[in-house]
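A.B. asks: Sequence below, structure please.
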Amino acid sequence: MSERDAVADLRRIAFLLERAHESTYRVRAFRTAAAVLRTRDPDEIAHLVRSGELVRLKGVGEVTARCVAESVAGEEPVYLRRLEATESTPLDDAADALLTAIRGDCHSHTDASDGGSPLREMVETAQFLGHDYLVITDHSPRLTVANGLSAERLRAQLEQVAELNAELGSHELGSHPEGRAFRVLTGIEVDINEDGSLDQDEDLLAELDVVVASVHSKLRMPRAEMTERMLTAVANPHVDVLGHCTGRMVTGNRKRPESQFDADAVFAACAENGVAVEVNSRPERLDPPKRLLRLAVEAGCSFTIDTDAHAPGQLDWLRNGCERAAACGVPAERVLNTWQVDELLARSRA
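C.D. replies: Coordinates of the predicted model:
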């Protein structure tokens, strides 16, 4: 049997583990092994397997070595086969149509803040998934627990994005599966401060392609104060998207209730100011709740359906948001990331 691509198999396993929201340490084991072997040619990897030296490489354990050995033998690794066999059930027609229409993701994180993978890895995965673009929205400085980016660090990231886009333009990073161009868009998930101001320099926010504004602190403020906080943020001309508006957590060890605010007033302000309401696809968030999502539709809001991905495999969580958006009657034409990239940028820059 011919040899498989062992590194590709390791990365696929990591991707599927991330998509299934498995433990970080398990994902890291496969991504680390893939990184260790990525610079070695197939013949060298095969020699390491035959000699028994593979497990002596730092970053390659017994489980990952066994997967590599199976790949080198031309077999689909058992670990990978089991993951592939438990893939998600098909979407209904409306959700599938919405998922097919989506061209990019407007909310993602890298290891520059609290993500688990570098910029390039996130971009390569977005390309693999067939996206036309990916917006990088690492956290702002106030969120120290997430290693938020200072103005200086954000400017450095903007330079990295420019360099990566130059590579993409010269086809050095590989092409879109359907031959379309791919772009990395600059952005931020900026904290909404308690007074509604934004946690980053206004001049720097003006340079970004997409600004997602989210509440991450004092989530149990009194209803009237939280409403005023959100209304002030939504009125800021730099804000393009209101992120995970209730801040709720519905699963895991960090369960918390929704923040209380006047949803009618906030969604009306979003519609008036051209700020999209995010449909957050993270399984522990699924924000906003369906009753509020329907209210935002009735208010005439636009939307983005985002993964809020902190790892490459999580970029495939868009189906979660599409299912909920379709169930609540969100029209595809009001989902900004179904638009072509130039249309999205024209709106955000306006």
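
A.B. asks: Show me the helices in the stretch 251-350 of the chain, by range?
C.D. replies: Along the stretch 251-350 of the chain, the segments classed as helices by DSSP state H, counting those that start in this stretch run 263-273, 290-298, 318-327, 341-349.

A.B. asks: For residue 314, give me its contacts.
C.D. replies: Listed by C-beta atoms under 8 Å, 6 or more residues apart in numbering, the contact set of residue 314 reads 18-19, 21, 282, 307-308. C-beta: built from backbone N, CA, C; applies to glycine.

A.B. asks: Can you select the buried ones from the residues you listed in ChimeraX?
C.D. replies: Buried residues among the contacts of residue 314 (16 or more other C-beta atoms under 10 Å), as a ChimeraX selection:
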select :18,19,21,282,307,308
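
A.B. asks: center of the protein, which residue is that?
C.D. replies: The structure's the chain has its C-alpha centroid closest to residue 309; by C-alpha atoms, centre = their mean the separation is 2.7 Å.

A.B. asks: With residue 136 as the reference, measure out to that one.
C.D. replies: 10 Å (C-beta to C-beta, to the nearest Å).

A.B. asks: Quick check, the residue nearest to the centre of the chain in contact with residue 318.
C.D. replies: No: look at residue 309 against residue 318 with C-beta atoms under 8 Å: they stay out of range, at 9.4 Å.

A.B. asks: can you list residues touching both of the two?
C.D. replies: residue 105.

A.B. asks: re earlier: what's the spacing between the residue nearest to the centre of the chain and residue 239?
C.D. replies: Relative to residue 239, residue 309 is positioned 21 Å away (C-beta to C-beta).

A.B. asks: Repeat that for residue 231.
C.D. replies: On the measure of C-beta to C-beta, residue 231 and residue 239 end up 11 Å apart.

A.B. asks: Which one's more surrounded, those two?
C.D. replies: residue 239 (24 against 18; other C-beta atoms under 10 Å).

A.B. asks: separation between the residue lying closest to the more buried one once chain neighbours are set aside and residue 202?
C.D. replies: Spatial nearest neighbour of residue 239, chain neighbours left out: residue 213 (4.6 Å); criterion: C-beta to C-beta, 6 or more residues apart in numbering. The gap separating residue 213 from residue 202 is 13 Å, by C-beta to C-beta.

A.B. asks: Between these two, which is the more surrounded one?
C.D. replies: residue 213 (28 against 11).

A.B. asks: can you tell me which residues contact that one?
C.D. replies: Residue 213 neighbours (C-beta under 8 Å, 6+ apart): 189-192, 198, 233-234, 236, 239, 241-243.

A.B. asks: So what does it have for phi and psi?
C.D. replies: Main-chain torsions, residue 213, degrees, to the nearest 10: phi -110, psi 130.

A.B. asks: Report the beta-bridge partners for it.
C.D. replies: Beta-bridge pairing for residue 213 (DSSP bridges): residue 190, residue 242.

A.B. asks: tell me the residue furthest from the middle of the chain?
C.D. replies: Largest centroid distance in the chain under C-alpha atoms, centre = their mean is residue 51 at 40.0 Å.

A.B. asks: give the contact list for the residue nearest to the centre of the chain.
C.D. replies: 105, 107-109, 115, 122, 315, 317.

A.B. asks: doesn't residue 102 make contact with residue 340?
C.D. replies: No: using C-beta under 8 Å, residue 340 is not in contact with residue 102; the gap is 11.8 Å.

A.B. asks: Leaving out chain neighbours, which residue sits closest to residue 293?
C.D. replies: Here the residue nearest residue 293, using C-beta to C-beta, 6+ apart, is residue 328, at 4.3 Å.

A.B. asks: if I look at that neighbour, how far off is residue 320?
C.D. replies: From residue 328 to residue 320 the distance is 13 Å (C-beta to C-beta).
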